[in-house]
Every structure is written in structure tokens, then in C-alpha cells.
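Enquirer: kindly generate the corresponding structure for this input.
(2 chains)
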Amino acid sequence: AQSVTQLDSHVSVSEGTPVLLRCNYSSSYSPSLFWYVQHPNKGLQLLLKYTSAATLVKGINGFEAEFKKSETSFHLTKPSAHMSDAAEYFCVVSDRPSYIPTFGRGTSLIVHP
Amino acid sequence: DGGITQSPKYLFRKEGQNVTLSCEQNLNHDAMYWYRQDPGQGLRLIYYSQIVNDFQKGDIAEGYSVSREKKESFPLTVTSAQKNPTAFYLCASRSRDSGPLFYGYTFGSGTRLTVV
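Expert: Sure thing, here's the model as predicted:
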């Protein structure tokens, strides 16, 4: 069975400061891991993905994440927050045999001017 | 451009009424999914389909039904048996590729269903 835990329901930062959104996962095999972003009343947009290639993954809008198997973590980071980054972020795990995506509960990122 | 289209964007249901949410994709994806989103609960899986004419229940299938008669279409019916249907519903799809070729899941823009 697979599962995802997003360790913070809300993260508040000031514009221009670093962002860290934490995600731990559980999986029986070799999972694929994703971060998606959702703006209010919108669908989900893929930020980045890990699929057994490089462990440091770079995504869109300056975000990156590092897959750490020993810690079963896939934390999302950004060096400098922008006001437009304010949104809901979801960590997602997917694994064989079914490849059904399992979502974390989401982290709301709040960016203060 | 390829993508997933969900319609309508907003839907209002009266008590005891069945309603159907549309999900259409032109990505030639094999698998399709329906999720329900409630505040603070993330996305919960309602139904999924890996191939045409086959679908499986997810974690919260009670009060919902689906069909998959065409590869492009995966409509979701919210029946009167669903006691608390007010939520945001998202449809997603994925290709059969796996490993480094796996792009990920593509999502529609959602339907917000409200019981009136």
C-alpha cells in the first residue's frame, strides 16, 4: 500500500524568503513522486516529477525537490518566494502495479508582502 | 492543444436528483480517474478506469456511478444516494508509459457541485 503525508497544513513565508514544503511517503516498490499546485477553483498543474532518474528534480517556476529514499521524503523547495506562489500544493505518490495516484492532504502556502 | 475538458464548471443539484459530470480527453490516455476534493481532505478517489469498458471503485464510490464506453470519455453520475455531494470534482488521466517516460497525470479544471 502507498501513502503520502504532508507534514504542514499551512506554511507562511515573506516574499523573497525561501520556501520549504515537506512530504513523506510510503510505498512497497519504487514509486513515482509528484508535486502539483492548485490555485483557487482551478485544476491541478504539475510542478515536477521524480520517476527513478536524477534524485534532484527541477520543476517550473523555480521549484525543485529532492528524492531521499533513506528518509522516504520528497520535500519541495524554492529559494525565493513570489506572491504568485500562494496556492495549495499537493504531494502525490504513484506505484505499480496499478499506478493509481495517492494524494497528500495538501499544504496551503501563504506569501506575505 | 491536448487536454481534459470538464463540464459544466458549476452545477447545482436539487435534493433527490441525479446529475452527471462530463470528462472528455483528447490525449489518447488509457487510464482515467475521478476525485472528490473537500477542504482540508486532499483529493479522494471515487472511481478509476484503466481501459475502455472497465472501471473500478475507489475509496469513496458509494452514491456515485461511472461508465467508460469510449476511450475519450469518463462521465460521473452523482446519484440521490450520495448524501453529501457538495464538493469540487476533478477528473484526471494518464498514459500507459511508465518510468522516465511517465509525464504524470493531467487534470481537468474541475466541476463545483452544490446541493440547493
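
Enquirer: so for the residue nearest the centre of chain A, what's the nearest residue that isn't a sequence neighbour?
Expert: Nearest residue to the geometric centre of chain A (Cα atoms, centre = their mean): A:Trp35, 3.5 Å. Closest residue to A:Trp35 apart from its sequence neighbours, by Cβ to Cβ, 6 or more residues apart in numbering or on different chains: A:Leu47 at 4.4 Å. Any C-beta I mention is one placed from the backbone N, CA and C, and that applies to glycine too.

Enquirer: what about the one you found, how many neighbours?
Expert: Residue neighbour count, defined by other Cβ atoms under 10 Å in any protein chain shown, stands at 21 for A:Leu47.

Enquirer: enumerate the residues of chain A near chain B.
Expert: A:9, A:32, A:34, A:36, A:41-46, A:49, A:51-53, A:90, A:92, A:94, A:96, A:98-106 (Cβ under 8 Å from any Cβ of the partner chain).

Enquirer: need the residues that contact the helix or strand that the residue nearest to A:Trp35 is a member of.
Expert: Per DSSP states H and E, A:Leu47 falls inside strand A:44-50. Contact partners of strand A:44-50, identified using Cβ atoms under 8 Å, 6 or more residues apart in numbering or on different chains, comprise A:32-38, A:57-61, A:63-65, A:67, A:74, A:76, A:89-90, B:90, B:92, B:102-105, B:107.

Enquirer: circling back to that earlier point, so what pLDDT did the residue nearest to the centre of chain A get?
Expert: pLDDT, A:Trp35: 96.

Enquirer: strands of chain B, start to end?
Expert: Under the criterion DSSP state E, chain B contains strands at B:4-7, B:10-13, B:19-25, B:31-37, B:43-51, B:54-57, B:64-66, B:76-78, B:87-94, B:106-107, B:111-115.

Enquirer: is chain A within reach of the second one?
Expert: No - under the criterion of Cβ under 8 Å from any Cβ, strand B:10-13 makes no contact with chain A; the nearest approach is 9.4 Å.

Enquirer: what is that strand packed up against?
Expert: With contacts taken as 3 or more Cβ pairs under 8 Å, 6 or more residues apart in numbering or on different chains; DSSP states H and E, strand B:10-13 sits against strand B:19-25, strand B:111-115.

Enquirer: buried by neighbour count: which residues of stretch B:45-54 qualify?
Expert: B:Leu45, B:Ile46, B:Tyr47, B:Tyr48, B:Ser49, B:Gln50 (16 or more other Cβ atoms under 10 Å in any protein chain shown).

Enquirer: with stretch B:84-99 instead?
Expert: For stretch B:84-99, a neighbour-count test (16+ other Cβ under 10 Å) marks B:Pro85, B:Ala87, B:Phe88, B:Tyr89, B:Leu90, B:Cys91, B:Ala92, B:Ser93, B:Arg94, B:Ser95 as buried.

Enquirer: circling back to that earlier point, so what strands line up beside whichever helix or strand comes after the strand holding A:Leu47?
Expert: For strand A:44-50, the following helix or strand on the C-terminal side (DSSP H and E) is strand A:56-58. Sheet pairing for strand A:56-58, assigned by DSSP bridges, gives strand A:64-68 (antiparallel).
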